[in-house]
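A.B. asks: Any chance you could fold what I've pasted below:
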Amino acid sequence: EVKLVESGGGLVQAGGSLRLSCVASGFSWDDFAIGWFRQDPGKDREGIYCLYSDGSTNSADSVKGRFTISSDSAKSTVYLQMNSLKPEDSGVYYCAAVYSGCIPEWVRALEARGQGTEVTVSA
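C.D. replies: Predicted coordinates:
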């Protein structure tokens, strides 16, 4: 069973940083990429960052230069480091197993996702 568990969300002031963690289990990291997306109520998913086992990534233009993605295979964990946060970064962040690899529309190719972790950035 594919299982993903996020943590690390919280309240931070604009300009601050947070690191989200996603512990993934139940699948081979060669079979799926891991992606972070944000989804607000009533809105479509917004892909934030995707990482595949070959090192390829895909990131949203809005986070380039501010967010980075990394992994620790020994801990089966993918991290999303978020710096220089803005109020518009607020929302519920989910990690997901992605069966397509990190193609531009990866957010539409989810095998499974976690329960989400909420990020609130105050002005």
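
A.B. asks: C-alpha only now, for contacts and for neighbours.
C.D. replies: Will do.

A.B. asks: Check the protein and tell me which residue is nearest its centre.
C.D. replies: Centrality entry for the chain: nearest residue to the mean C-alpha point is W36, 1.9 Å, by CA atoms, centre = their mean.

A.B. asks: I figured that one was touching T57, is that so?
C.D. replies: No: the criterion here is CA atoms under 8 Å, and W36 misses it with T57 at 11.2 Å.

A.B. asks: Just to be sure, A74 is in a helix?
C.D. replies: Yes: using DSSP: H, G, I helix; E, B strand; the rest coil, the assignment for A74 is a helix.

A.B. asks: Could you report the neighbour count for it?
C.D. replies: When neighbours are counted by other CA atoms under 10 Å, A74 registers 6.

A.B. asks: And for V121?
C.D. replies: Counted with other CA under 10 Å, the neighbours of V121 add up to 20.

A.B. asks: Show me the beta-bridge partners of it.
C.D. replies: Note on V121: beta-bridge partners by DSSP bridges are V12.

A.B. asks: show me the contacts for it.
C.D. replies: Counting by CA atoms under 8 Å, 6 or more residues apart in numbering, V121 touches 11-14, 85-90.

A.B. asks: ok so, going back, need the overlap of contacts for W36 and T57.
C.D. replies: Residues touching both W36 and T57 (CA under 8 Å, 6+ apart) are 49-50.

A.B. asks: for the protein, what spans make up the helices?
C.D. replies: Assigned helices in the chain: none (criterion: DSSP state H).

A.B. asks: Can you name the residues in contact with stretch 63-72?
C.D. replies: 48-51, 77-85.

A.B. asks: Could you pull up the mean pLDDT of that stretch?
C.D. replies: For stretch 63-72, mean pLDDT rounds to 97.

A.B. asks: ok, now stretch 22-30?
C.D. replies: The model assigns stretch 22-30 a mean pLDDT of 90.

A.B. asks: tell me which residues of that stretch are tucked away?
C.D. replies: Buried residues in stretch 22-30, counting neighbours by 16 or more other CA atoms under 10 Å, are found at 22-25, 29.
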